[in-house]
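A.B. asks: Sequence first, then the predicted structure:
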Amino acid sequence: GTLQLSVIIHHHNLFYMNQIVLLVAFTLAWQAWAGPLPAASEAGIYNENLKDNFQLFWPGDNIKDFAQAKPLAQDLMDVTVSFWVRHRVTDHSQTYFSYGIDGTKETVTGLLFYVGANWHIYVTINDKYIKCPGYAQPNSWQHYVVSWSNVKGEMKVYIDGNVFCESILRKGDTIKKGGNFTLGQFVTKWGTPITFHNGYSFRGDMAYLNVYDRFTNTTEEYETLRSMTMSDGDAIIPWEEFRTRTFGSIRILPEYDLYGASFTHLECGTNSMTLTVKRKGFPHLDPDEVVLLNGSCGPSTVNETHLVFKMDLRSCGTLVNFTETYASYTNEVRAKGALQLPLSNAVDTINRRPVGKTQRRMSFKCDYELAERVHNPLYVPHISNINNHAFGTNRFNYRISLFHSANFTQPYNQSEYPINIEMEERVYVEVAVVGMETRLDNWIKTCRATPSANFGDSIKYDLISEGCPNEQDDSIQFHETTEIGKKRFSFETFRFNKFPTAVVFLHCDMVLCNIGDSNSRCSKGLTVC
């Protein structure tokens, strides 16, 4: 199969709401798994080629599914556990990790982190626990950091960069060495047989869990952990230790989405894309052997730490694909034997054919929304107060301009405002998409006038609706133009009877279309009016 690493940017803001929960009493039940631990050879599906870039997948609620590290070699007075998790279900309690030593009865001596009823977070240090609200985003990767220090007993839980849990716990204590750090199960008794709580098995994916003998207390320290999508050599328990010690039906799968996102940054400009690649993440990448889709564009900037690929939306072989709401621009970095990417997303299928150099690639994509609304204060009776400041909020910029005449050669300059406009004088309007590329067309979907900056004002007058001029206003005229990204019309000035001296605001909805789509609203123009 073809090698791919996708870095996908969508221009949307994501808002997370803290979950408000009630304290709920619960009962723990446990079940012993009789017998010794399976030998390493009996562990889950193992793939030597995955090295650091792998994730562990728990397919179901199975008390025999877990992963373990080697025995802890030192006592801990400070500890930080950093890991990525993707929940497949969020309707039952789940355990991320446990730690203890032989001889413990009923409770965990060392460290325990799990979620219980109503998605409470529970953190235990040496038999004492605290709980607080958490949140989960099903089927999406989330980054967790659990950190504790014995100096003041400080304990913090970070979820996706936010501190969700903070308390004082076990000041002056020490987490003793000699036990096994265990993933995916709530351990109640260590040794042989090992005992787990029934109903607290993890379901989902984990990746890049590293354990450190330090306390994490600053944003900079957290960001360093978040970008550590590999096995960290500075960790006292690195992620790679769990790769050969998985038990039950746990599957080992390749993971490059988190890894790629940690070492790449994509900026979607108005008419360009810029991909920055950290060379630390791709140490064998040769700048002289990488090109973009057209086979000739290479990195625009090369230094010891980064490679930068910058292209406009029409160059370097950039492809565009249209949906009803987005124009998606895609390109890729093709490496000639230098960029090492995953062979497949499935470990069950084998293929002994060597991967050709031309098959190795890193793809990236920018999505641009195809509809936008802009507005401007247009005029007041006799005196205008036009400020040419309204732009679209997404990556394509939108603008409304007024011109002196029907030839649209002389726009009003800022220095000319306010301008005098008499009643029934014609106003020439241009609605433009700034920097729009040649594979797109645009059309004015709606233009509405109001006496305020509120599009939803109850007092309104629609000049254009669904791409067609108001049938009851014969002063509205469309003006032809061959300039890309611009649409023009004019109308005779008016005033609102209820607010005769108010500023008149013009609000316009724009839609962008594939210029080759004969069925698009842009192609139909006025023919459907």
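C.D. replies: Structure received. Here the structure is a predicted model, which means the values were calculated and not measured.

A.B. asks: what's the closest residue in space to residue 499 that isn't next to it in sequence in contact with, if anything?
C.D. replies: Distances taken as C-beta to C-beta, 6 or more residues apart in numbering put residue 451 closest to residue 499, at 4.5 Å, once the chain neighbours are dropped. For glycine as for every other residue, the C-beta is placed from the backbone atoms N, C-alpha and C. When contacts are counted by C-beta atoms under 8 Å, 6 or more residues apart in numbering, residue 451 touches 457, 459, 496, 498, 499, 502, 503, 504, 505.

A.B. asks: Let's verify the first one: helix, strand, or coil?
C.D. replies: Read it as residue 457. coil (DSSP: H, G, I helix; E, B strand; the rest coil).

A.B. asks: residues contacting it?
C.D. replies: Per C-beta under 8 Å, 6+ apart, neighbours of residue 457: 450, 451.

A.B. asks: what are the phi and psi values for residue 95?
C.D. replies: phi -110, psi 130 (degrees, to the nearest 10).

A.B. asks: Number of residues surrounding it?
C.D. replies: 24 (other C-beta atoms under 10 Å).

A.B. asks: now do residue 244
C.D. replies: 15.

A.B. asks: Relative to residue 117, how far out is it?
C.D. replies: 35 Å (C-beta to C-beta, to the nearest Å).

A.B. asks: Pretty sure residue 526 sits against residue 464.
C.D. replies: No. With contacts counted by C-beta atoms under 8 Å, residue 526 stays clear of residue 464, the gap being 10.5 Å.

A.B. asks: what pLDDT does the residue nearest to residue 499 get?
C.D. replies: pLDDT, residue 451: 82.

A.B. asks: Could you check which of residue 526 and residue 464 has the larger neighbour count?
C.D. replies: Taking other C-beta under 10 Å, residue 526 and residue 464 do not tie; residue 464 has more neighbours (24 against 10).

A.B. asks: Need the residues that contact the helix or strand hosting the more buried one.
C.D. replies: Assigned by DSSP states H and E, residue 464 falls within strand 461-465. By C-beta under 8 Å, 6+ apart, the residues outside strand 461-465 that reach it are 444-450, 469-470, 473, 476, 489, 491, 494, 496, 506, 508.

A.B. asks: hmm, 10 Å instead?
C.D. replies: 429, 431, 443-451, 469-473, 475-476, 478, 487, 489, 491, 494, 496, 504, 506-509, 529 (C-beta atoms under 10 Å, 6 or more residues apart in numbering).

A.B. asks: Direction included, what does that strand pair up with?
C.D. replies: Here strand 461-465 has these sheet partners by DSSP bridges: strand 440-450 (antiparallel), strand 468-469 (antiparallel).

A.B. asks: what's the spacing between that strand and its chain's center?
C.D. replies: With C-alpha atoms, centre = their mean, to the nearest Å as the basis, strand 461-465 stands 37 Å off its chain's centre.

A.B. asks: If we go by neighbour counts, what in that strand is buried?
C.D. replies: 461, 463, 464 (16 or more other C-beta atoms under 10 Å).

A.B. asks: ok, what's across the strand from the closest residue in space to the second one that isn't next to it in sequence?
C.D. replies: In space, and not counting its chain neighbours, residue 463 is closest to residue 447: 4.5 Å by C-beta to C-beta, 6+ apart. Per DSSP bridges, the residues bridged to residue 447 are residue 464, residue 508.

A.B. asks: go on, residue 146?
C.D. replies: With DSSP bridges as the rule, residue 146 is bridged to residue 81, residue 157.

A.B. asks: burial measure for it, as a count.
C.D. replies: So residue 146, with other C-beta under 10 Å, has 22 neighbours.

A.B. asks: Just the pLDDT for it.
C.D. replies: With respect to pLDDT, residue 146 has a value of 94.

A.B. asks: The residue nearest to residue 499 and residue 426: what is the separation?
C.D. replies: With C-beta to C-beta as the criterion, residue 451 and residue 426 are 21 Å apart.

A.B. asks: Excluding residues flanking it in the chain, which one is nearest residue 278?
C.D. replies: residue 263 (4.3 Å).

A.B. asks: For the one you found, grab phi and psi.
C.D. replies: The phi/psi pair for residue 263 (degrees, to the nearest 10) is phi -110, psi 10.

A.B. asks: follow-up on the earlier one: filter the contacts of strand 461-465 down to the buried ones, ChimeraX style.
C.D. replies: Filtering the contacts of strand 461-465 down to the buried ones (16+ other C-beta under 10 Å) takes a single ChimeraX command:
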select :429,431,443,444,445,446,447,448,449,450,451,469,476,478,487,489,491,494,496,504,506,507,508,509
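
A.B. asks: hang on, the earlier thing: overlap of the contact sets of residue 526 and residue 464?
C.D. replies: 443, 478.

A.B. asks: Other residues contacting the helix or strand where residue 225 lies?
C.D. replies: Taking DSSP H and E as the definition, residue 225 sits inside helix 219-226. Helix 219-226 has contacts (C-beta under 10 Å, 6+ apart) with 80-84, 143-145, 147, 156, 158, 160-163, 208, 210, 212, 214-216, 218, 232, 258, 262.

A.B. asks: show me the residues around the nearest residue to residue 404 once chain neighbours are set aside that make contact.
C.D. replies: In space, and not counting its chain neighbours, residue 404 is closest to residue 410: 4.6 Å by C-beta to C-beta, 6+ apart. The contact partners of residue 410, by C-beta under 10 Å, 6+ apart, come to 403, 404, 428.

A.B. asks: cool, residue 140 as well?
C.D. replies: Going by C-beta under 10 Å, 6+ apart, the list of residues near residue 140 reads 14, 85, 86, 87, 160.

A.B. asks: mind checking the backbone torsions on the last one?
C.D. replies: Read that as residue 160. phi 50, psi 40.

A.B. asks: Quick check, pLDDT for it.
C.D. replies: 88.

A.B. asks: so what's residue 419 scoring on pLDDT?
C.D. replies: Per the predicted model, pLDDT is 59 at residue 419.

A.B. asks: Give the residue spans of the stretch 1-150 of the chain that score low on pLDDT.
C.D. replies: 1-51, 103-109 (pLDDT under 70).

A.B. asks: repeat that for 50
C.D. replies: For the stretch 1-150 of the chain, applying pLDDT under 50 flags the ranges 1-49, 106-108.

A.B. asks: For residue 271, see how far away residue 327 is.
C.D. replies: 12 Å.

A.B. asks: ditto for residue 211
C.D. replies: 46 Å.

A.B. asks: more neighbours, the two?
C.D. replies: residue 211 (24 against 17).

A.B. asks: Next, format the strands paired with strand 461-465 as TSV and append distance to residue 519.
C.D. replies: Conversion of the strands paired with strand 461-465 to TSV gives the following (distance: least, C-beta to C-beta, whole Å):
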stretch	distance to residue 519
strand 440-450	12
strand 468-469	17
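
A.B. asks: Surely residue 79 is in contact with residue 170?
C.D. replies: No. With contact defined as C-beta atoms under 10 Å, residue 79 does not reach residue 170; the gap is 11.1 Å.

A.B. asks: shared neighbours of the two, anything?
C.D. replies: 125, 148, 149, 150, 155.

A.B. asks: Is the last one in contact with residue 131, as I believe?
C.D. replies: No. Between residue 155 and residue 131 no contact is recorded; they are 11.6 Å apart, counting by C-beta under 10 Å.

A.B. asks: which neighbours do those two share?
C.D. replies: 123, 165, 167.

A.B. asks: In strands, which of the residues you listed fall?
C.D. replies: Under the assignment DSSP state E, the shared contacts of residue 155 and residue 131 contribute 123, 165, 167 to strands.

A.B. asks: which one of those has the most neighbours?
C.D. replies: Most surrounded of these: other C-beta under 10 Å gives residue 123, at 22 neighbours.

A.B. asks: in the sheet, who's paired with that one?
C.D. replies: The partner residues for residue 123, given DSSP bridges, come to residue 113, residue 130.
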